[in-house]
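*Asks:* Sequence and predicted structure below; questions after.
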Amino acid sequence: MRFAAMIASLLFTIPMAHGEAFDSIASVINHEAVTCFEIRQDARSLLLQLNQTGSSQSLSAAELNKRVLDGHITKVLQLQEAHKLELKVSDEELAKAINDIETKNKLLPGQLQEALQQQGMDFDEYKIKMREQVLIGKLVNIAVRSKLKVSEESMREFYRKFIASSEKRREVKLAQIFMPLPSEPNPQQLKAVRNKIRAIHQQLLDGGDFTQLAMLHSNGPGSNQGGEMGWFMPGGISQRFVSTLELPAQGISELIRSPGGFHIFKVLDERWHEPQLQGESYDETHARHILLQIPSAADDATRAKIHHRAETIAAELQGASEEEFVTRAKEISQGPSASNGGDLGWFKKGMMVPAFEKAALELQAGQTSGIVESSFGLHIIYVVGKRHIDPNSFEAHREQIQQVLTNVEMQEQQPRWLSSLKAKANIEKRICPGIEAEIASMVKELGQ
């Protein structure tokens, strides 16, 4: 089936459509209960996904039960943290996430819903889970990524060594199995985790299936897709992991210890990157905005009221300084960039919706627009600056370099942050009656 591979990547996070009755409790996390029903559903979803790998490796019902319970606990902890920070996901952000999935999988608008329904999956339930995933992404950006600082010196050094250089570079596609340690592990905890990952490493050396073992044991990003991390080149990976870039295709690393835990890497593929000069120079604009959203169900009176409010704000901000605009954006903007003063960064022609782009390009640095209406709502735009870019210069690559080096830091800091969440949490695990027997039956039923 055309959608089979895509659906496999969704099964672990999206439960099948069933009515839920009152059930016993699998875990209590900071006074929030996880039911045994949820764990059973996640176990079935994981088994269906594992079934897509085609591996015949025997599965332990106890391991599967522990895997899905630990995964659910991690998710709940992050959602609780997002709630504390009063983070939300708008309907527009959810629609964009779904559209991105359709685009990535070369589907037309609406075909994702059709694909899910063909697999007996409820689209409304899918959207709930997708909203949770987007929310967790926002949380990680705020709680971890936004706190990481990349120095100007390190960015310029990266540019000199890896972008301005004319040497071709090897790129490898990596997957990992990651097993975390508590934030301050005692000797017994350290020994237990080390012994477990050593046993997994030996299974790999004996021919074990990396994808399946990652799905069963890894606690790193992408574990539901077999631990896939993406493509990496020198400079784009933590120094402690740089030896993995020298592995041959299909090569397995030794155990690598980081502050967050233990890692095993596999090189899935390789390719060579040939440095190329970019095209013609171009102009960029740096802008901030205040967004007032108009609910789709709003009546004429409500729309008029929102328009009037936007007109008042736009009039008040004519001639305002950037500092004044930032303060108002943080107070009243309803866009995802509100917490950052409405900052949209630098962009060139073709990157924004037409109405917004036209208005921003016509403004001079330091000017504030009137109301600009787009499909997202009503915008008030402040232009911070404008510049002309040589596409081969450091400035043209600054944001790309900053993102790469921030991702390097994220490889170590995100696991630490998750460990700290768990360390601070009150987590009580219980036993679901008969669940391991049920999982064993599922394993047999699905032919594992």
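*Replies:* Happy to help now that I have it.

*Asks:* Arg156 is in what secondary structure piece?
*Replies:* Assigning secondary structure by DSSP states H and E places Arg156 in helix 152-158.

*Asks:* Pretty sure Lys386 sits in a strand.
*Replies:* Yes. Using DSSP: H, G, I helix; E, B strand; the rest coil, the assignment for Lys386 is a strand.

*Asks:* what are the bridge partners for it, then?
*Replies:* Thr285 (DSSP bridges).

*Asks:* For it, give its distance to Lys349.
*Replies:* Separation of Lys386 from Lys349 (CB to CB, to the nearest Å) stands at 12 Å. Every residue, glycine included, has its C-beta placed from N, CA and C.

*Asks:* re earlier: now the helix holding Arg156, how far from the chain's geometric center?
*Replies:* 25 Å (CA atoms, centre = their mean, to the nearest Å).

*Asks:* Which one's more surrounded, Lys386 and Lys349?
*Replies:* Lys386 (16 against 13; other CB atoms under 10 Å).

*Asks:* Need phi/psi at the residue nearest the centre of the chain.
*Replies:* With the centre of the chain defined as its mean C-alpha position, the nearest residue by CA atoms, centre = their mean is Gly137, 4.6 Å away. Main-chain torsions, Gly137, degrees, to the nearest 10: phi -60, psi -40.

*Asks:* Can you list the low-confidence ranges for the stretch 201-350 of the chain?
*Replies:* 276-279 (pLDDT under 70).

*Asks:* Which parts of it are helices?
*Replies:* For the stretch 201-350 of the chain, the helices defined by DSSP state H, counting those that start in this stretch occupy 210-217, 300-316, 322-332.

*Asks:* Now tabulate the ones you listed in CSV and tack on distance to Leu107 and mean neighbour count.
*Replies:* Formatted as CSV, these follow (distance: least, CB to CB, whole Å; neighbours: other CB atoms under 10 Å):
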stretch, distance to Leu107, mean neighbour count
helix 210-217, 24, 22
helix 300-316, 33, 13
helix 322-332, 35, 16
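
*Asks:* Now tabulate those in CSV and tack on distance to Phe394.
*Replies:* Putting the helices of the stretch 201-350 of the chain into CSV (distance: least, CB to CB, whole Å) gives the following:
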stretch, distance to Phe394
helix 210-217, 37
helix 300-316, 36
helix 322-332, 24
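
*Asks:* Mind checking these for the one nearest to Ser151?
*Replies:* Nearest to Ser151 among these is helix 322-332; the distance by CB to CB comes to 23.9 Å.

*Asks:* packing partners for the closest one?
*Replies:* strand 282-292, strand 377-389 (3 or more CB pairs under 8 Å, 6 or more residues apart in numbering; DSSP states H and E).

*Asks:* who touches the nearest residue to Val144 once chain neighbours are set aside in this structure?
*Replies:* Closest residue in space to Val144, ignoring its immediate chain neighbours: Trp417 at 5.0 Å, by CB to CB, 6 or more residues apart in numbering. Taking CB atoms under 8 Å, 6 or more residues apart in numbering, we find Trp417 in contact with Val140, Ala143, Val144.

*Asks:* In terms of helices and strands, where is Trp417?
*Replies:* Using DSSP H and E, Trp417 falls in helix 394-424.

*Asks:* gap between the residue lying closest to Gly222 once chain neighbours are set aside and Glu254?
*Replies:* Closest residue in space to Gly222, ignoring its immediate chain neighbours: Glu228 at 4.8 Å, by CB to CB, 6+ apart. According to CB to CB, Glu228 stands 20 Å off from Glu254.

*Asks:* cool, and Gln49?
*Replies:* Between Gln49 and Glu254 the computed distance is 28 Å (CB to CB).

*Asks:* now could you export just the CA positions of stretch 218-233 as PDB?
*Replies:* Only the C-alpha atoms of stretch 218-233 are listed here, as PDB (Å, rounded to 0.1, in the frame of the first residue of the first chain):
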ATOM      1  CA  SER A 218      16.500   3.900  22.800                       C
ATOM      2  CA  ASN A 219      15.400   7.000  24.700                       C
ATOM      3  CA  GLY A 220      16.800   9.400  22.100                       C
ATOM      4  CA  PRO A 221      15.000  11.500  19.500                       C
ATOM      5  CA  GLY A 222      13.800   9.500  16.600                       C
ATOM      6  CA  SER A 223      13.600   6.200  18.500                       C
ATOM      7  CA  ASN A 224      10.200   5.500  17.000                       C
ATOM      8  CA  GLN A 225      11.900   5.500  13.500                       C
ATOM      9  CA  GLY A 226      14.700   3.200  14.500                       C
ATOM     10  CA  GLY A 227      16.800   5.900  16.100                       C
ATOM     11  CA  GLU A 228      17.400   7.800  12.900                       C
ATOM     12  CA  MET A 229      19.100  11.200  13.500                       C
ATOM     13  CA  GLY A 230      19.700  12.500  10.000                       C
ATOM     14  CA  TRP A 231      22.900  13.500   8.000                       C
ATOM     15  CA  PHE A 232      26.000  14.700   9.700                       C
ATOM     16  CA  MET A 233      29.300  16.200   8.600                       C
END
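
*Asks:* So for Glu228 and Glu254, which sits in the more crowded spot?
*Replies:* Per other CB under 10 Å, whichever of Glu228 and Glu254 has more neighbours is Glu228, with 18 against 11.

*Asks:* Can you name the residues bridging to the more buried one?
*Replies:* Ala175.

*Asks:* contacting residues for it?
*Replies:* By CB under 8 Å, 6+ apart, the contact set of Glu228 is Lys173, Leu174, Ala175, Gly222, Leu268.

*Asks:* Ok, Ala287 next?
*Replies:* Residues counted as contacts of Ala287 (CB under 8 Å, 6+ apart) are Leu344, Phe347, Ala360, Leu363, Ile381, Tyr382, Val383, Val384.

*Asks:* burial of the fourth one, as a residue count?
*Replies:* This means Leu363. 16.

*Asks:* where does the closest residue to it other than its chain neighbours sit relative to Phe37, distance-wise?
*Replies:* Spatially, and ignoring its direct neighbours in sequence, Leu363 is nearest to Val383 (4.4 Å; CB to CB, 6+ apart). Distance of Val383 to Phe37, given as CB to CB: 53 Å.
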